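> here is the input, now give the coordinates:
(chains A and B)
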There are 2 protein chains.
Amino acid sequence: MNAVGLNAFLPTPVTDDGALLHSHLETMVDRVVGPDIQSISVLGSIGIAPYLSRRQRREVVETAVAAAGSTPVVAGIGALRTDDACRLAEDAARGGASMLLLTPVSYLPLASGEVYAHFKAVARVTDLPICIYSNPATTGFTFGLPLLAQLADLPTVRAAKLPLPTDTSIADELATLRGSTDLVVGYSGDWGCAEALLQGADCWHSVAAGLFPRVAGALTAAARAGNRQEAERLNNILAPLWSLFRKHGSIRVIYAAAALLGQYDAHPPLPLRRLDRVYWPELFSAIAPLS
Amino acid sequence: MNAVGLNAFLPTPVTDDGALLHSHLETMVDRVVGPDIQSISVLGSIGIAPYLSRRQRREVVETAVAAAGSTPVVAGIGALRTDDACRLAEDAARGGASMLLLTPVSYLPLASGEVYAHFKAVARVTDLPICIYSNPATTGFTFGLPLLAQLADLPTVRAAKLPLPTDTSIADELATLRGSTDLVVGYSGDWGCAEALLQGADCWHSVAAGLFPRVAGALTAAARAGNRQEAERLNNILAPLWSLFRKHGSIRVIYAAAALLGQYDAHPPLPLRRLDRVYWPELFSAIAPLS
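Modelled structure (predicted):
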């Protein structure tokens, strides 16, 4: 597989004491698979991967793969330590993942050479394609173009999931990347992804699609067909949700939305908190038109 | 205890496959305890705490406490999850630590209310005094004054370990903090700590003191006595080491320095790397006058 089209990120349903809710995860996967999306991702940031144990992460992959049928499952394998990331890659491969999503989780800030060696070590573990996951807001690490080009030369590194650029346009960033790598390039940051697709991005790595695949799928199809008017119309319907994501962090919003939708009534692991109930009426209004 | 004077941070000697080198840790503690320092800290950032297992962290505390004799041991208990941080606090208390050093380790960025609840939950676990550990470079979280004041009202929160300020002077920051909290205030960022002490900081949380307690102790004594000339003379002797810390990150430098000093020849956990050997002659020159 490669990361093209709409990649729907799923939150991980766990109880407060950390037990994985298999049946809830199955239901979430069931609801999201279909013609609207091209892949699902588990154990991304919204999937609270760094807060889970190795065993829990293995179970998430296995359960999601079993429930997803022919839809490819991308598995997040980010870890602070290279040896742990390698083990998570093995687990994900054994569990039936179709692609690995690798972010350089950091505590002490990493140097580019360290990140390169980390990816190279993980890439040696399996034949699965790897998507580079750049998320400076969570890792503190910013991928420069030289490093992306170096990583793209590793045979199984195929794609990149990038944050919305702040110092250039998406079109310019895509042109630069395509001039020096053969990476399939997608974006996260749901509020800017309609524009990213309209400017030619290959993939929308979407948090919203995990709960609202229909509208996210329609937006993706319109934008990839170059229908700006329809893409912007759908994006406007999603705008109140984007506003909540940006104000409170999508992790807090998505847990509250899953509860409001009756999908599962849980909290992210403390110290993270679900959106305060005072904002639930606003959230309800934001998601009512989306289901 | 409280964090006053010179607090020496120790790296954690582990093998590449993660085994704790107890005898090396004992030797490091033996070498550092004495009249130059007022406390030692294990499992801070330089102690690679987030890269270690709970069992390893418990062993580090127990070994350090046994070796430190009457010198108080501060134990880092930072963890992504509140439940994990609480368990680490219990372990540290049982292991004989005299103070807890708590940093809000983050992956998904935390809100102030979440950090407050995290500290409050951990403070409920033991009666040990807590030092707030602010390190935006590793956690992505910046403590505002209102949060520090709120935390200072928790009965066991006694001290703060702050990064060197970038938007104000240390004297102004100290005046502000002392106007609204009763926290004992220390600084990390070795290259700026002579000045911090001269401006009235209570404590130097020092990486260098873990390997070079004599010179760091002499600097601390001079600065706390208001002897600017002597403090600056000693700080100038340390300046080449500060330059390496700032250029390469102290974690990489300290592992190489420990090897050069014959203390232990190990690497930090990958993807972190020890200082490249090409810089070892420069490091050798920097540390030769310090032992």
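> residues of the stretch 101-250 of chain A that sit close to chain B?
A:104-105, A:107-111, A:113-115, A:117-118, A:121, A:137-138, A:140, A:249 (C-beta under 8 Å from any C-beta of the partner chain). Glycine gets a C-beta too; all of them are placed from N, C-alpha and C.
> how about the helices in the stretch 1-150 of chain A?
A:22-32, A:54-68, A:82-94, A:112-123, A:136-139, A:145-152 (DSSP state H, counting those that start in this stretch).
> nearest to B:Gly96, of the ones you listed?
For these, distance to B:Gly96 was read as C-beta to C-beta. The smallest value, 29.3 Å, belongs to helix A:82-94.
> CA atoms only: put that closest one into CSV for me.
C-alpha atoms of helix A:82-94 as CSV (Å, rounded to 0.1, in the frame of the first residue of the first chain):
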residue,chain,number,x,y,z
THR,A,82,15.3,2.6,18.9
ASP,A,83,15.1,-0.9,20.3
ASP,A,84,11.5,-0.4,21.4
ALA,A,85,10.5,1.0,18.0
CYS,A,86,12.1,-2.0,16.3
ARG,A,87,10.1,-4.4,18.5
LEU,A,88,6.9,-2.4,17.8
ALA,A,89,7.7,-2.7,14.1
GLU,A,90,8.0,-6.5,14.4
ASP,A,91,4.7,-6.7,16.4
ALA,A,92,2.9,-4.6,13.8
ALA,A,93,4.2,-6.7,11.0
ARG,A,94,3.2,-9.9,12.7
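> what are the buried residues along it?
In terms of neighbour count (16 or more other C-beta atoms under 10 Å in any protein chain shown), helix A:82-94 has its buried residues at A:Thr82, A:Asp84, A:Ala85, A:Cys86, A:Arg87, A:Leu88, A:Ala89, A:Asp91, A:Ala92, A:Ala93.
> now swap in stretch A:255-262 and tell me
A:Tyr255, A:Ala256, A:Ala257, A:Ala258, A:Ala259, A:Leu260.
> before we move on, what about stretch A:18-38?
Buried-residue list, stretch A:18-38, by 16+ other C-beta under 10 Å: A:20-22, A:24-26, A:28-29, A:31-33, A:36-38.
> any idea of the mean pLDDT for it?
Across stretch A:18-38, the average pLDDT comes to 94.
> hmm, back to that, pull out the buried residues from the residues of the stretch 101-250 of chain A next to chain B.
Using 16+ other C-beta under 10 Å as the burial test, those include A:104-105, A:107-108, A:110-111, A:114-115, A:117-118, A:121, A:138, A:140, A:249 as buried.
> make a markdown table from the residues you listed and add pLDDT to it.
As requested, those are arranged in a markdown table below (pLDDT from 0 to 100):
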| residue | pLDDT |
| --- | --- |
| A:Pro104 | 98 |
| A:Val105 | 97 |
| A:Tyr107 | 97 |
| A:Leu108 | 97 |
| A:Leu110 | 98 |
| A:Ala111 | 97 |
| A:Glu114 | 98 |
| A:Val115 | 98 |
| A:Ala117 | 98 |
| A:His118 | 98 |
| A:Ala121 | 98 |
| A:Thr138 | 94 |
| A:Gly140 | 94 |
| A:Gly249 | 97 |
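> could those go into JSON lines alongside distance to A:Asp190?
Output for these, formatted as JSON lines (distance: C-beta to C-beta, whole Å):
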{"residue": "A:Pro104", "distance to A:Asp190": "22"}
{"residue": "A:Val105", "distance to A:Asp190": "22"}
{"residue": "A:Tyr107", "distance to A:Asp190": "27"}
{"residue": "A:Leu108", "distance to A:Asp190": "30"}
{"residue": "A:Leu110", "distance to A:Asp190": "27"}
{"residue": "A:Ala111", "distance to A:Asp190": "31"}
{"residue": "A:Glu114", "distance to A:Asp190": "30"}
{"residue": "A:Val115", "distance to A:Asp190": "26"}
{"residue": "A:Ala117", "distance to A:Asp190": "32"}
{"residue": "A:His118", "distance to A:Asp190": "27"}
{"residue": "A:Ala121", "distance to A:Asp190": "32"}
{"residue": "A:Thr138", "distance to A:Asp190": "15"}
{"residue": "A:Gly140", "distance to A:Asp190": "22"}
{"residue": "A:Gly249", "distance to A:Asp190": "12"}
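> all good on my end, thank you.
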